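Colleague: Need a 3D model of the following:
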Amino acid sequence: MIVTFALVAAQLFLLGTNAVQPFRLAAAEDRERRLWTLLVLPLLLGSLVLAIFHLDVATDAALAWGIAWPPRSRMARLLLVAGAAAGLGALLTALGGRKFEPAAWRFAGGLGLALAAVAALAGELLRVGGAPAGGIVAIALGAAGRFALTLAAGECATGRVRWLAPLAALALPLGALAAPLMLRNALRPDLLTLGAAVVLLAVARFLPGALSRPAAAGGVLLAALYLSQSARITAMLELQGIR
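Modeller: The predicted model follows:
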């Protein structure tokens, strides 16, 4: 579970930063933009490496949803398209980001948002495994919560905490509420972790500046811990044939 937690947490911060930072840079100074042009490609490549490791850890769930190479399933092709678009955007940013107009920065941010959304859906599919726990509604709500959490991670990693962390606090419990009763019962001891994450994300914006970002980051890490524990328990229930 520790490996899954580390992979989930790192992906949340990397993909979130890639989605949020370009929007901040649309109104930023040249010094910040120059720094991002140096970081954008390594961060995206790091995210790709972590995604490959995650697929290796969750091999059975990945194969169940056809997330493999070569990409034959819709999900795999969607990941490929989103990743290629984000990669192209990162390359253009690295080469010419210093000359970008605000609209170009927002377009780069849009590509990052698309990749974060697709990655959130893929992460949710890997969490529930071969058979959808709770059906398509639970998967959609879980992916929405994970997407909001990704943006909250990017927000606290790149600057002042504003409205993305409270949004994640609202969206995060949706997947747990939509899960089937058997899974909710199995995760009952971990609801304290989820609740603590929600509280930290909800109050982070209203804390003093020195505490705001650490509180939001703590909420993201606790949520990643809950998600990794949920994936472990779901896999155990699947092995036992209880879904």
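
Colleague: make it CA atoms for all contacts and neighbour counts henceforth
Modeller: OK.

Colleague: tally of neighbours for residue 181?
Modeller: Burial of residue 181 is recorded as 14 neighbouring residues (other Cα atoms under 10 Å).

Colleague: An error on my part: the question was meant for residue 105.
Modeller: With other Cα under 10 Å as criterion, residue 105 counts 22.

Colleague: tell me which element it falls in.
Modeller: Under the criterion of DSSP states H and E, residue 105 resides in helix 102-128.

Colleague: what is the rounded mean pLDDT of the helix or strand following that helix?
Modeller: Next helix or strand after helix 102-128 toward the C-terminus (DSSP H and E): helix 135-158. Average pLDDT, helix 135-158: 93.

Colleague: for stretch 181-198, same thing?
Modeller: If you average the pLDDT values across stretch 181-198, you get 87.

Colleague: so how far does it reach from one end to the other?
Modeller: Criterion Cα to Cα, to the nearest Å; first-to-last residue distance in stretch 181-198 is 21 Å.

Colleague: Neighbours of the closest residue to residue 234 other than its chain neighbours, how many?
Modeller: Leaving aside its sequence neighbours, residue 234 sits nearest to residue 128 (Cα to Cα, 6 or more residues apart in numbering; 6.1 Å). The number of residues packed near residue 128 is 25, by other Cα under 10 Å.

Colleague: The chain should start at 89 in everything you say after this.
Modeller: From this message on, residue numbering opens at 89, which makes the last subject residue 216.

Colleague: list the contacts for residue 216?
Modeller: 149, 227, 319, 322, 323 (Cα atoms under 8 Å, 6 or more residues apart in numbering).

Colleague: immediately after the lowest-mean-pLDDT helix or strand in the chain, which helix or strand?
Modeller: Scoring the helices and strands of the chain by mean pLDDT, DSSP states H and E places helix 269-274 at the bottom, with a mean of 78. Once the chain leaves helix 269-274, the next helix or strand it forms, by DSSP H and E, is helix 279-291.

Colleague: Show me what that following helix is packed up against.
Modeller: Here helix 279-291 touches helix 252-266, helix 297-328, going by 3 or more Cα pairs under 8 Å, 6 or more residues apart in numbering; DSSP states H and E.
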